[in-house]
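A.B. asks: predicted model, plus sequence, below.
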Amino acid sequence: MDFEQRLSAILHDVADADPPANLVERALGHLPAGKQGRSHFAPPVAMAAAIAALVLIAGAVATMWRPVSMPPAAEPSPSVVERAPTPAPSPFQSPRECPGSQIVGTLAAVSDSELALDPAVGFEASPTDRTPLVWEPYFRLGDDGGSVVVRDPDGDVVARDGDIVEIGGGERDGGWYACGYIEVLSSGGPLPAPVLDLSERSSWRALMTIERGVSDGPIGPIRRIEWIGDTLHLEIAARHDGVVDQVRAALSGATDDATVASDPDGLVTIEIPDARTTFAPSIEPRCGAWQRVTLLPIGDGKELRGEDMARAGEVLRLRAAEALGLDGQDIVLHTEDGRHIIVELPAGPDSSALNRARQRMQAPAPAGLMAVPDGVAVQAGDSADSMERGLVGAAAIDVAVPAVDIMGQPALHLTLHPDAAEALDEFAAERVGGQVALVVGDVVVAAAMLNAPRFGGELEIVGPLRVADVAPLADRLSLSVDSLEFELVDVSTAERDC
Amino acid sequence: MPELDEVLAARAGDEGAFGVLIAREARWAYGLARVVLGDQMEAEDAFQESCLLAWRDLPKLRDPARWRPWFRRLATNVILEHGRRMGRRPKVTEIVATDGPIAPDHAGRVADRDLLLQALGLLTADERILVALHYGRDLTVADAAALLGIPLGTAKARLHRAIGKMRQRVEA
């Protein structure tokens, strides 16, 4: 059976499963009283609950949102009422149909009240490079002191010609339908530091361009950029036959693993699996400073050798990443003599954070299930400082393995030691619906709601998890209780000026 | 009662007739939502919201014979919007009790299904719904494009990309 046949069979399996028995009745139960055509109605109960949950954790969510201008229907609102699923009135198109892509370019005036988009950086625009913009009626264009500007409904200017902007929306009728957010990346000037450091996921938006070719015409601009797992996917507008070779040449030396291909749509897709690669506009190595920490792994009072060194390395990577709040891939490990492990920590964090990371790497940290105080909502990545008390120590978790729940979805199955099982049940009997945090070191790695008054020592963490989430979670728990200790041998700083 | 009469009755405010209509569409819409959203509760929410919008906007349906494609397009848009919102939402997990020790599934009995669904979950909502309509609901690419209101060329390119990403993930 080929890939598409397997996909079709599995999707049919999911899509054709019987819906819940009372699905229709529940939906009818939420119809508003009276006749149709009302402009407002309450959201479904489950949706309202989800929204309430969002409101509870508004502080955390807020950090995920960019300081941008966005039509109201596409932006999270602070109250349940405003999030009711009534489409905003629009004579042209409902905001719900706004595509979820983004484009980057320089706003260029094409008349007194019209803007188009030129390639972002490092390119001399020609008429064929220019992308027409079709604006959601939410935005209004006008003149402001000789500039063509984009205004929101309050009349505030959100961008003007000459600005380098990122615009949410999607392709339509040969142009770009600007129906999402607008974020000004650079106001009226070139972007700074034209280096794309692929390990800095948060900074790519301001830095994306690849050096223009010398003979075959421009590459770019980058039209789409997204992470899939650990692979970075870039799409670049292709304008000539030699672009694939040109991109390969530009990446050569920075990464040997990039896959470059063009598709019938006129786009070049680049997939880069090595997240530590740095490139563009010229090939640049990682710049700046980092700290080298040399450690000697000790297990049961003896030095580790051979295969145990790999396990020790993963333990170190995990501990360092957790202490610094980084992805594991940001921690570089190597060994030069087969005895010592050298950990390279980025020098960005302050000295106290680096000290904490060094300490954290040397010995196992406390881990386990902790009670979350009433009225506090936590999520993975939060500090464990606010936790109420420990419920189950990691040593009392006999088994932590990836599993599947009754829906066939990935889950994390925990089997507790009998004493710990009893302690959890005592807590759960009083706090069904409360939250429990799975903590490693001083960081919450998973936060989940207790949905039963008694577990009997067998429990699963379920939800919208993927295998990619669950397996590392089990590993983290296992590795965190690993009794490995490390002797600190040396700390030094290295730096490369670029 | 013929479906046309049910639509007319529902349009006039007959909840019973409306219930019959959406019951016929429940499997199609809920199944699509399950594939695209990958979550039972989200799928139920999307279905409920589709029903609410359909009830509210049914008086605007000029041609009652177009009920089914009209509802399916509405439901598709609602599901797509839910998918986009989910991508921006933190995950909510639960701890549930189980009956006893289970056989762990590291890579075994559901591996193939899970790997494919996992790859599907890595796509954007716009890509997922296209894959779901074409492979899970057997729509032609042209019909899926029409349902989503996007050009055929865009749909083809998007589907091509989506399958490429999934294939790469599964075969990695």
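C.D. replies: That came through fine.

A.B. asks: then the host helix or strand of A:Tyr181 to CSV, C-alphas only?
C.D. replies: In this structure, A:Tyr181 sits in strand A:175-186 according to DSSP states H and E. Extracted C-alpha coordinates of strand A:175-186, given in CSV (Å, rounded to 0.1, in the frame of the first residue of the first chain):
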residue,chain,number,x,y,z
GLY,A,175,-1.8,39.6,-5.0
TRP,A,176,-1.7,39.4,-1.3
TYR,A,177,-5.0,39.5,0.7
ALA,A,178,-3.9,41.6,3.8
CYS,A,179,-6.5,40.4,6.2
GLY,A,180,-4.4,39.4,9.2
TYR,A,181,-2.0,41.4,11.4
ILE,A,182,0.6,43.9,10.3
GLU,A,183,3.9,44.1,12.1
VAL,A,184,6.5,46.7,11.3
LEU,A,185,9.9,44.9,11.3
SER,A,186,11.9,48.0,10.4
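
A.B. asks: which strand residues bridge A:Ala178?
C.D. replies: For A:Ala178, the beta-bridge partners under DSSP bridges are A:Trp135, A:Gly169.

A.B. asks: so A:Leu412 touches A:Leu459, yeah?
C.D. replies: No. Contact criterion C-beta atoms under 8 Å: A:Leu412 and A:Leu459 do not qualify, at 9.1 Å. Yep, even glycine has a C-beta here, placed from its N, CA and C like the rest.

A.B. asks: state which helix of the chain is the longest.
C.D. replies: Reading this off chain A. If you go by DSSP state H, chain A has its longest helix at helix A:307-324.

A.B. asks: actually chain B
C.D. replies: When chain B is parsed with DSSP H, its longest helix is helix B:15-37.

A.B. asks: tell me if it is near chain A.
C.D. replies: Yes. Contact of helix B:15-37 with chain A (C-beta under 8 Å from any C-beta of the partner chain) involves B:Glu15, B:Phe18, B:Gly19, B:Ile22, B:Ala23, B:Ala26, B:Arg27, B:Tyr30, B:Gly31, B:Leu32, B:Arg34, B:Val35.

A.B. asks: buried members of those residues into ChimeraX, please.
C.D. replies: The ChimeraX selection below is limited to those of those classed as buried (16 or more other C-beta atoms under 10 Å in any protein chain shown):
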select /B:18,19,22,26,30,31,32,34,35
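
A.B. asks: export the residues of helix B:15-37 next to chain A to JSON lines and append columns for distance to A:Ala396 and pLDDT.
C.D. replies: As requested, the residues of helix B:15-37 next to chain A are exported to JSON lines (distance: C-beta to C-beta, whole Å; pLDDT from 0 to 100):
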{"residue": "B:Glu15", "distance to A:Ala396": "54", "pLDDT": "88"}
{"residue": "B:Phe18", "distance to A:Ala396": "54", "pLDDT": "92"}
{"residue": "B:Gly19", "distance to A:Ala396": "51", "pLDDT": "91"}
{"residue": "B:Ile22", "distance to A:Ala396": "49", "pLDDT": "92"}
{"residue": "B:Ala23", "distance to A:Ala396": "49", "pLDDT": "92"}
{"residue": "B:Ala26", "distance to A:Ala396": "45", "pLDDT": "93"}
{"residue": "B:Arg27", "distance to A:Ala396": "45", "pLDDT": "91"}
{"residue": "B:Tyr30", "distance to A:Ala396": "41", "pLDDT": "93"}
{"residue": "B:Gly31", "distance to A:Ala396": "42", "pLDDT": "92"}
{"residue": "B:Leu32", "distance to A:Ala396": "43", "pLDDT": "94"}
{"residue": "B:Arg34", "distance to A:Ala396": "37", "pLDDT": "89"}
{"residue": "B:Val35", "distance to A:Ala396": "39", "pLDDT": "90"}
